[in-house]
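Asks: Okay, here's the prediction I keep looking at, along with the sequence it came from:
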Number of protein chains: 2
Amino acid sequence: MTPEASGEVESPGGRRRHRRVSMVDVARLAGVSAQTVSRVSTGHPGVVATTRQQVLAAMHQLGYRPNSAARALKNGEFRTIGVIMFTLASTGNSRTLEAIASHAANEGYAITLIPVATPTRDGVLGAFTRLGELAVDAVIIVMEVHLLDVATITLPPGGHVVVVDSDAGDRYPVVDTDQTDGARQAVQHLLDLGHRTVWHVAGPPESFAAERRAAAWRSVLAAAGRPVPPLHRGDWSAEAGYRAGLVLADEPDCTAVFAGNDQMALGLQRAFHDRGRVVPRDISVVGFDDIPDSGSFIPPLTTVHQDFAEVGRRCVLNTLRQIRNEPAEPGITLVPTRLVVRRSTAPPPGPGA
Amino acid sequence: MTPEASGEVESPGGRRRHRRVSMVDVARLAGVSAQTVSRVSTGHPGVVATTRQQVLAAMHQLGYRPNSAARALKNGEFRTIGVIMFTLASTGNSRTLEAIASHAANEGYAITLIPVATPTRDGVLGAFTRLGELAVDAVIIVMEVHLLDVATITLPPGGHVVVVDSDAGDRYPVVDTDQTDGARQAVQHLLDLGHRTVWHVAGPPESFAAERRAAAWRSVLAAAGRPVPPLHRGDWSAEAGYRAGLVLADEPDCTAVFAGNDQMALGLQRAFHDRGRVVPRDISVVGFDDIPDSGSFIPPLTTVHQDFAEVGRRCVLNTLRQIRNEPAEPGITLVPTRLVVRRSTAPPPGPGA
DNA sequence: ACCGGCCATGTTTACGTAAACAAGGTCCGG
DNA sequence: CCGGACCTTGTTTACGTAAACATGGCCGGT
């Protein structure tokens, strides 16, 4: 409650820009040189214990904090990783970001978030242009949309880039969920239950993830010699899933649907409910993502669990390897998925029902 | 990593240490002084057009990018805002962060994300300790949990702080959704439909938002002279809502429930569905947040819409005012809410059912 | 005891930028 | 035709830190 508890060297003239405490101030108080303060500050060995204590005491008394700008200028590194994201609205992106941030923090790195508000080519290029002058040592690009070829983008400083959820050829390391295997598990699960085939409501065609899941769906059906029903498209939203569901509900031989994500699965379930098609008795639904709510859908959704935390962890790992000039995992790092079976899937209705 | 300080590995065969292009390099190429390059770089007036063109050409040719560390050191400002968040898992936090990031970007500020992984007192204090050396001009604290009094926290550099969704007394400016009015609208809507009273499933007691919503719920009922049913608690999760719903479904005179957020409302709906209580015929449900999925719940959820984008905008506004030493909006800035009526609410069942 | 080496600490310097000051040129009025 | 205001460009300096180099004291071996 006291606005100024311990009156310090703070200028009494009001809110005047009080100069920060620097190493020189600490050095003067401790009776040593600035270099010794630097050694203590960086944990450098070769400072005798008594001196170290004096310096630490002086630091504490003055409230000394290292100036990261000066450090960055001197060392040529910012201990900061830039993260470029198109939106935080999707569960996947925000969970990945959270994992990136916390793992980076563990390694002593801060995260600078670079939002690309408008997912247009110009918006992206503008962000990359400004990137060069950003105080970052490396960049993680979370690009779920292939608006432009990542390989054509100008390099950020130092050329340290890791790409998530995208396709960068072999130019940059890529970390991604194993979309293909996840979709395979989903479709296989439905086939194993006895469904003749599986319908698919895919995400938008500009999404890499949507394309991979759709391709896997097609290939599993083809491999099993099953007919491939017409593909339905949504935009990841529950509303789009609902619209697709209204159409699918009228397809008499549609008994199993693999939705591109959980939100569209939610819309599907509502459409089937509205049309009187009971899930899973009449029709089975599988989602993708395993968002926290999906266990509380009506009925609880069988879905493919994505390990966003692991994706974030591997991103940071790869990024730090690049920064340290260690060999990064080349090519693409795939994070495995896991099918979570709940209550939205069942064998198809018997023919003599 | 070995802590040995010998690590001066300057491998001559390896790739050259590609030193960054500085103003001096540009100056040399353009045949001017470094100061002139600086003037062009900062858009300073007083450089004749022909000279400016030469400098710009040289910059372009060399791929010059200003070194933000040197700028920060010189100017004493980083053009960066730190954002402290406890979790990105909640819709509200990630949407708020996104709005903060995009508005800050519009003003030429970057966002540094500071995650507090463990919401313990030590975790928080640790984050604040490290804060002092972070390259930020101001800090926005999104603290939905009152683990410790914000007022007791040591000041970040410059003392520029804006708090979201919390209670900082009058020490720092606060921006928050108008929780009280939102909850009032929800409860009033149910009373207006003819319900005798409204039950409430609140968020955890350590959440400011949960407490405000519960208090408003109580006060509206009291003002209307209605009985106040026992309070149920959840942890914001759909699963907690489900558990509360199983209990409430057995309360014969429970015809209307106000859930502390949409996810708990989702759980409530599933519990009522499992218990054969039809929403909204037998029982009405109102949520809070208006997450994108809530329009696709079964039935579509009536809920209180929060304008997270506006919260983020006001945060940045207030923060920049502080940085610029302009008078900030004092006290608390409340962002209004809006009731979105969908299909989970209806008049109570008639007595002669 | 002497010398060489090692250890703790001090001094110098450079990182890239931009404010402050300096210098040279132009132009206009008197 | 000269003085001074103004305009463009150059030079100096400082921001805070840490590597590189310098210094001086202590200790052990011969």
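Replies: Now that the structure is in, tell me what you want to look at.

Asks: A:Arg184: which element?
Replies: If you go by DSSP states H and E, A:Arg184 is part of helix A:179-192.

Asks: helices or strands next to that helix in the packing?
Replies: helix A:208-223, strand A:256-259, strand A:284-289, strand A:302-305, strand A:338-340 (3 or more C-beta pairs under 8 Å, 6 or more residues apart in numbering or on different chains; DSSP states H and E). Yep, even glycine has a C-beta here, placed from its N, CA and C like the rest.

Asks: chain center to the second one, what's the gap?
Replies: How far strand A:256-259 lies from its chain's middle: 25 Å, per C-alpha atoms, centre = their mean, to the nearest Å.

Asks: Just the C-alpha atoms of the helix or strand following that strand, please, in PDB.
Replies: Toward the C-terminus, strand A:256-259 is succeeded by helix A:262-274 as the next helix or strand (DSSP H and E). Extracted C-alpha coordinates of helix A:262-274, given in PDB (Å, rounded to 0.1, in the frame of the first residue of the first chain):
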ATOM      1  CA  ASP A 262     -13.500 -32.200 -33.000                       C
ATOM      2  CA  GLN A 263     -15.500 -29.000 -33.600                       C
ATOM      3  CA  MET A 264     -16.800 -30.300 -36.900                       C
ATOM      4  CA  ALA A 265     -17.600 -33.500 -35.100                       C
ATOM      5  CA  LEU A 266     -19.600 -31.500 -32.600                       C
ATOM      6  CA  GLY A 267     -21.600 -30.000 -35.500                       C
ATOM      7  CA  LEU A 268     -22.100 -33.400 -37.000                       C
ATOM      8  CA  GLN A 269     -23.500 -34.800 -33.800                       C
ATOM      9  CA  ARG A 270     -25.900 -32.000 -33.500                       C
ATOM     10  CA  ALA A 271     -27.100 -32.400 -37.100                       C
ATOM     11  CA  PHE A 272     -27.600 -36.100 -36.600                       C
ATOM     12  CA  HIS A 273     -29.400 -35.400 -33.300                       C
ATOM     13  CA  ASP A 274     -31.700 -32.900 -35.000                       C
END
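
Asks: Now do the buried residues in helix A:262-274.
Replies: By neighbour count with 16 or more other C-beta atoms under 10 Å in any protein chain shown, helix A:262-274 contains the buried residues A:262-273.

Asks: Same check on stretch A:331-350?
Replies: Buried residues in stretch A:331-350 (16+ other C-beta under 10 Å): A:333-335, A:337, A:339-340, A:342, A:344-346, A:348.

Asks: what residues does the stretch 1-150 of chain A put near chain B?
Replies: Taking C-beta under 8 Å from any C-beta of the partner chain as the contact definition, the stretch 1-150 of chain A meets chain B at A:1, A:15, A:17, A:20, A:44-45, A:63, A:65-70, A:72-73, A:76, A:78, A:80, A:87-89, A:94-95, A:97-98, A:101-102, A:105, A:110-115, A:117, A:132-135.

Asks: typo on my end, the stretch 251-353 of chain A
Replies: Counting by C-beta under 8 Å from any C-beta, the stretch 251-353 of chain A sits next to chain B at A:263, A:266-267, A:269-270, A:273, A:292-293, A:295-298, A:300.
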